[in-house]
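In: A predicted structure for the sequence below; I have some questions about it.
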Amino acid sequence: MMEEGLGQNSVGPSGSIDKSRILDIKPMRSLIPVFPMSSQAPPSGQYPSGFSPFFPFGVPQQGSPTGVTHRGGAIPAPIRAYRSPLHGTSRKKRGRPPGSMKNEKKIQEPHVDLSALVGITPAQRDDGARDVVNLVLTTFDALRRRLCQLEEAKELSNGSIKRADLKASNTLMSKGIRTNMRKRVGPVPGIEIGDIFFFRMELCIVGLHSPSMGGIDAIRGENEDDILAVSIVSSGEYEDDAEDSDVIIYTGQGGNFFKKEKETIDQKLHRGNLALDRSSRQHNEVRVIRGMKDGVNQNSKIYVYDGLYKIQDSWIDKAKSGGGVFKYKLVRVPGQTTAFAAWKSIQKWKSGSPSRPGLILADLSAGAESIPVSLINEVDNVKSPVYFTYFHSLRHPKSFSLMQPSHGCSCAKSCVPGDLNCSCIRRNEGDFPYTGNGILVSRKPLVHECGPTCQCFPNCKNRVSQTGLKLHMEVFKTKNRGWGLQSLDPIRAGTFICEYAGEVIDRAKVSQLVREGDEYIFDTTRLYNQFKWNFEPKLSEEVGTNDSSEDYSIPYPLIISAKNVGNVARFMNHSCSPNVFWQPVIYEENNQSYLHVAFYALRHIPPMTELTYDYGLARSDNGEGSSAPKGRKKCLCGSPKCRGSYG
């Protein structure tokens, strides 16, 4: 057993350490490699070829110990206090390629390379970019949603649901649809600080963190003992939190601390722990991914990339269960964009202490929404937008007759996926349009939801766009584009955001309203950029399936003005690279169907990220001979793919 002791320059009380027990640490002693002795560590940020030489902690130095003071006042024993030198040379590892972990399962090479199917080149598999990362994540989540949809339909007969996320990731990796396969120290191309992930496997397929289960990822050099930690996942399974949001006290791996009916044992200085030990002396940057509970699903976690850290200190401590554990103090590299710290601030704002900076109005909706909509301005002294009446849906909607009259579904409770007796499911081509947690599966020509004439319960999962806001929204003042919209909650791809509420108007009034300065017109007849969001049928291996069309099939043009009446959707700004898309949704009442415009998340959206969609281009404007033709407005979205104008 590891015994708690003092730093090398400290003198503990007599009899405080049982040295005979320390010397009997056979597993740890046998795993300690040979180090060339040196009086100083390498300069921070230098990475010699092959990651060698490495420098030990065990060199006597003058001054006070550098260990972290424990809450109880005792100074935990540094890891170096338990090292004993071994003689001989390091052995070269055979049969293991550089960059692989000893006990990590090897991912098989693609037996059928379908990466070109989604537009990924061999070079992009090794080194990605922002567009490539987004493409891989979009492909993964589209397939995962489809597999989840199929499994939920099967549940009606066999009563079990398989892990769609694992199946989707295995499919993609086996077919070469991934990126950043080349391991590296430091940043990963195409991944930005603050990016969020709802599944551990998403970290793997974009090269942010390779192990699907382990919390420590490492890269190897030429020799067996040349190993460095490149990333860690701090998911709350151990006591990793520190009071400072830029500091992590990370617990090493191993020890059977959470395995029932197993004897608690000390952690060993090998594999990931050895990699962290090397990095603590090499001073290389380590990527940190924070895992936090999902506010929607308490049994799930959301993973946030928190940027680069360096290991400042390490020691051995006692776990609550009594076993010895390795502790590593990681400090965030200064000058990076905030990520986890922003999450901590949001949690405090939600609790009401302290109050939200720049808060003007606690609820812009005046109670029209079940969740208050905050009004925030941290830019200037403007106190509010131009006056309008808050309304959560359409005013003066137009109905149209169905070709085949129907009185809605006759489901007794809620519509059940896979139940083809449900008329609403049949209208959706036999598929339930949403997963069990309300995520839209695919873009469709029309999404048919249950309506007031349906006999199913009001909480039916096929009424997603009719239930109002489910996210903590903020209308905030931007620096150069007026008011904008953001959420305090993380948003998963396919999540319903809001409906575009307002007054339905005739096309004859559009020109007049534009002349009068109405900037809040939504027109379904505009030209919108094409993009693929649905699953690729060849990846799902469905027999006889056709690629579901993503072209909208709207029964009549719908034009909405939100100038005088509207909801939070009126504050969403345009972007040529949006993170939100719109989907036509209809539901039925008395043999009449009403068309609505619903917004969904195009991809995972971190908190405090502005929500944007593509405003499109008017069909009457061919745009020839001018970068900003008449009727268009100059675009300030700042996207690398900015078209220059919109409207």
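Out: Yes, it's here.

In: quick one: low-confidence ranges for the stretch 401-550 of the chain?
Out: Scanning the stretch 401-550 of the chain for pLDDT under 70 picks out 401-406, 543-548.

In: run a quick neighbour tally on Q583.
Out: Neighbours of Q583 under the rule other C-beta atoms under 10 Å: 22. (C-beta placed from N, C-alpha, C; glycine too.)

In: so what's it up against?
Out: Neighbouring residues of Q583 by C-beta atoms under 8 Å, 6 or more residues apart in numbering: 440, 443-444, 447, 552, 597-600.

In: what helix or strand does it sit in?
Out: Taking DSSP states H and E as the definition, Q583 sits inside strand 580-589.

In: for that strand, buried residues please.
Out: 580-588 (16 or more other C-beta atoms under 10 Å).

In: try stretch 203-217
Out: So stretch 203-217, judged by 16+ other C-beta under 10 Å, has buried residues 203-212, 214-217.

In: so which of the residues you listed comes closest to P334?
Out: L208 (21.4 Å; C-beta to C-beta).

In: list the contacts of the closest one.
Out: Neighbours of L208 in contact, by C-beta under 8 Å, 6+ apart: 180, 188, 191, 197, 231, 287, 289, 305.

In: the same query, at a cut-off of 7 Å, please.
Out: Listed by C-beta atoms under 7 Å, 6 or more residues apart in numbering, the contact set of L208 reads 188, 191, 231, 287, 289, 305.

In: surely the fifth one touches E202?
Out: Spelled out, that is I289. No. Counting by C-beta atoms under 7 Å, I289 stays clear of E202, with 10.5 Å between them.

In: spit out the residues that contact those two alike.
Out: With C-beta under 7 Å, 6+ apart as the test, I289 and E202 reach no residue in common.

In: confirm L147 sits in a helix?
Out: Yes. Per DSSP: H, G, I helix; E, B strand; the rest coil, L147 lies within a helix segment.

In: quick check: closest non-adjacent residue to it.
Out: In space, and not counting its chain neighbours, L147 is closest to A164: 3.9 Å by C-beta to C-beta, 6 or more residues apart in numbering.

In: tell me what V304 is bridged to.
Out: I196, R290 (DSSP bridges).

In: contacting residues around it?
Out: Here V304 is in contact with 194, 196, 289-290, 292, 339-340, 343 (C-beta under 7 Å, 6+ apart).

In: mind listing what the nearest residue to R178 once chain neighbours are set aside touches?
Out: Spatial nearest neighbour of R178, excluding adjacent residues (C-beta to C-beta, 6+ apart): I205 at 4.5 Å. Residues near I205 by C-beta under 7 Å, 6+ apart: 136, 140, 169, 172-173, 178.

In: what's stretch 342-362 in contact with?
Out: So stretch 342-362 is in contact with 245, 292, 304, 372, 374-378, 383-384, 472, 488, 607-608, going by C-beta under 7 Å, 6+ apart.

In: any weak-confidence spans in the chain?
Out: For the chain, counting by pLDDT under 70, the residues that fall below are 1-111, 156-161, 224, 237-242, 256-262, 400-406, 543-548, 620-631.

In: can you give me the helices for it?
Out: For the chain, the helices defined by DSSP state H occupy 19-23, 26-31, 115-118, 122-126, 130-158, 164-174, 200-205, 271-282, 340-351, 423-427, 510-515, 537-540.

In: among those helices, which is nearest N573?
Out: helix 510-515 (17.8 Å).

In: quick check: buried residues in the closest one?
Out: 510, 513.

In: just the C-alphas of it, formatted as PDB.
Out: Extracted C-alpha coordinates of helix 510-515, given in PDB (Å, rounded to 0.1, in the frame of the first residue of the first chain):
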ATOM      1  CA  VAL A 510     -44.200  42.400 -49.000                       C
ATOM      2  CA  SER A 511     -42.800  45.200 -51.200                       C
ATOM      3  CA  GLN A 512     -44.700  47.800 -49.200                       C
ATOM      4  CA  LEU A 513     -43.400  46.400 -45.800                       C
ATOM      5  CA  VAL A 514     -39.900  46.400 -47.100                       C
ATOM      6  CA  ARG A 515     -40.100  50.000 -48.200                       C
END
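
In: of all the contacts of Q583, which two lie farthest apart?
Out: K444 and F599 (15.0 Å).

In: in stretch 517-527, what counts as buried?
Out: Applying 16+ other C-beta under 10 Å to stretch 517-527 flags 518, 520-524, 526 as buried.

In: distance to D127 added to the buried residues of stretch 203-217, as CSV?
Out: What follows is those, written out as CSV (distance: C-beta to C-beta, whole Å):
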residue, distance to D127
L203, 17
C204, 16
I205, 15
V206, 12
G207, 9
L208, 14
H209, 17
S210, 15
P211, 20
S212, 22
G214, 24
G215, 25
I216, 23
D217, 17
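
In: between the residues you listed, which is nearest S575?
Out: V206 (22.2 Å).

In: quick one: residues contacting the closest one.
Out: 128, 133, 136-137, 179-180, 191.

In: pull the most distant pair out of those residues.
Out: Maximum distance among the contacts of V206 (C-beta to C-beta): 11.9 Å, for L137 and N180.

In: verify the stated contact: K413 with Q455.
Out: No. Taking contacts as C-beta under 7 Å, K413 lies outside contact range of Q455: 9.3 Å.

In: rewinding a little: can I get the contacts of L208 in JSON lines including neighbour count and distance to K633?
Out: Output for the contacts of L208, formatted as JSON lines (neighbours: other C-beta atoms under 10 Å; distance: C-beta to C-beta, whole Å):
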{"residue": "V188", "neighbour count": "24", "distance to K633": "36"}
{"residue": "I191", "neighbour count": "22", "distance to K633": "32"}
{"residue": "S231", "neighbour count": "26", "distance to K633": "43"}
{"residue": "R287", "neighbour count": "25", "distance to K633": "40"}
{"residue": "I289", "neighbour count": "25", "distance to K633": "39"}
{"residue": "Y305", "neighbour count": "26", "distance to K633": "34"}
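
In: K413 and Q455: who's more crowded?
Out: Q455 (14 against 10).

In: so the more buried one makes contact with S410?
Out: Yes. Applying C-beta under 7 Å, one finds Q455 in contact with S410, separated by 5.0 Å.

In: in stretch 430-449, what's buried?
Out: 431-435, 438-444, 446-449.

In: among those residues, which lie within strands?
Out: If you go by DSSP state E, the buried residues of stretch 430-449 have 447-448 in strands.

In: how close does E192 get to A168?
Out: 23 Å (C-beta to C-beta, to the nearest Å).

In: those two - which one has more neighbours?
Out: A168 (27 against 14).

In: residue contacts, that one?
Out: Here A168 is in contact with 140, 143-144, 147 (C-beta under 7 Å, 6+ apart).

In: so who does the residue nearest to L558 when sequence neighbours are not counted touch?
Out: Ranked by C-beta to C-beta, 6+ apart and with sequence neighbours excluded, the top spatial neighbour of L558 is T524, at 4.7 Å. For T524, the contacting residues are 554, 557-558, by C-beta under 7 Å, 6+ apart.

In: returning to what we had before: give me the buried entries from the contacts of stretch 342-362.
Out: 245, 292, 304, 372, 374-377, 472, 488, 607-608.

In: turn the residues you listed into TSV, columns for distance to T251.
Out: Converted to TSV, the buried ones among the contacts of stretch 342-362 look like this (distance: C-beta to C-beta, whole Å):
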residue	distance to T251
S245	18
M292	17
V304	19
P372	39
S374	37
L375	42
I376	38
N377	42
H472	32
L488	30
P607	27
M608	30
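
In: can you pick out the most distant pair from these?
Out: Between any two of those (C-beta to C-beta), the greatest distance is 28.4 Å, for M292 and N377.

In: distance to F388 added to the contacts of V206, as TSV?
Out: Formatted as TSV, those follow (distance: C-beta to C-beta, whole Å):
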residue	distance to F388
G128	43
V133	38
V136	41
L137	36
T179	44
N180	46
I191	39
